[in-house]
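Student: Sequence first, predicted coordinates after that:
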Amino acid sequence: MNRWVMCAREICHSNPFLSAFFLTGKGLPVDRGGGLEQASLVAVTEQVKQGGWLHVFPEGKVNREPGGPLLPFKWGVGKIICDAAAGGHETPLVLPFYHRNMHNVKQIGRPLLGVGGTVEVWVGEPLRMEDLMHRCKVCDDNIQKQILWNEITNRIKTSIEDLSKQNSSPMQTNHFEK
C-alpha cells in the first residue's frame, strides 16, 4: 500500500534538496490558496480511489501555539474523501489521530530536529461515515456537494477534538529486547 502526504510547497518544496527529500517520502506539494482542483489534490484523490493511504493534517498548517486549540479544518479533506468514495471501489477508511508536543522534537524556526523529546499520540477508531459516503455517490449539485464536504470535515474534526480531550494515556510504545 502506498502512503502519501500533502505538504505546503513553500515549506517542503522550497529548494531542490527539500523537494527531493519530501518527494522520496511521497510528499506532494500543495499550493495553499491554490484551490480545490489543483493537480496535487486531484492526484491524491486518485490514489485514495485506488485504496491508497493519504496522511492529512486537515488544519492545513502547523499550529504555532504548543498545546493550543485545533485550528479550523480545511474542507478540502472532505472533498478528497467524498470524491474518492463517489469514484472508487470502496469507501475510504478514515482513521483519526491526534498528537501533541511536536515542539519538543521540532521547534518552529529551528532548522534541526531535537533529540529526546516526548511526543504523545492518540489513535481513534475508524470513523463510520457510510451515511455521508452514500450521499457522495448520488449528489450532483455543487452547492450540496460543498455542504457535504463540510459535514465530512466536521465529523473528522469532532473525532479529533474528542481524542484531544481524552484523559487516558497516550499510545504506548512497544519495546523490543535485543
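Tutor: All right, it came through fine.
Student: Name the strands paired with the top strand by length along the chain and say parallel or antiparallel.
Tutor: Ordering each strand of the chain by length in residues (DSSP state E) puts strand 3-8 first. Taking DSSP bridges as the criterion, strand 3-8 pairs within the sheet with strand 27-30 (parallel), strand 53-55 (parallel).
Student: List the contacts of the longest one.
Tutor: With contact meaning Cβ atoms under 8 Å, 6 or more residues apart in numbering, strand 27-30 is reached by 4-9, 12-13, 19, 22, 38, 40-41, 43-44. C-beta: built from backbone N, CA, C; applies to glycine.
Student: OK, contacts around the most centrally placed residue in the chain?
Tutor: The centre of the chain sits closest to Val56, judged by Cα atoms, centre = their mean, with a distance of 1.4 Å. Residues touching Val56, when contacts are defined by Cβ under 8 Å, 6+ apart, comprise Val5, Met6, Val77, Ile80.
Student: how near is it to Phe17?
Tutor: For Val56, the distance to Phe17 under the criterion Cβ to Cβ, to the nearest Å works out to 24 Å.
Student: With Cys82 instead?
Tutor: Here Cys82 is placed at a distance of 36 Å from Phe17 (Cβ to Cβ).
Student: next one: Gly51
Tutor: If you measure Gly51 against Phe17 using Cβ to Cβ, the figure is 32 Å.
Student: For these two, indicate the residue with more neighbours.
Tutor: Shown here are Gly51 and Phe17; by other Cβ atoms under 10 Å, Gly51 has more neighbours (14 against 8).
Student: Any buried residues in the helix ranked longest in the chain, and which?
Tutor: Ranked by residue count, the top helix of the chain under DSSP state H comes out as helix 142-165. Going by neighbour count (16 or more other Cβ atoms under 10 Å), the buried part of helix 142-165 is 145-146, 148-149, 151-153, 155-157, 159-160, 163.
Student: what pLDDT, on average, does it get?
Tutor: Mean pLDDT, taken over the full extent of helix 142-165, equals 92.
Student: which residues are contacting it?
Tutor: Residues from elsewhere that reach helix 142-165 (Cβ under 8 Å, 6+ apart): 58, 70, 73-79, 81-82, 94, 96-98, 100, 122-124, 127, 129, 132, 135-136, 139.
Student: Show me where this protein has its helices.
Tutor: Counting by DSSP H, residue ranges of the helices within the chain are 9-12, 16-24, 39-49, 76-87, 130-138, 142-165.
Student: looking at those helices, which is closest to Asp31?
Tutor: Ranking those by their distance to Asp31 (criterion: Cβ to Cβ) puts helix 9-12 first, at 5.4 Å.
Student: Only the buried residues of that closest one, if you could.
Tutor: By neighbour count with 16+ other Cβ under 10 Å, helix 9-12 contains the buried residues Arg9, Cys12.
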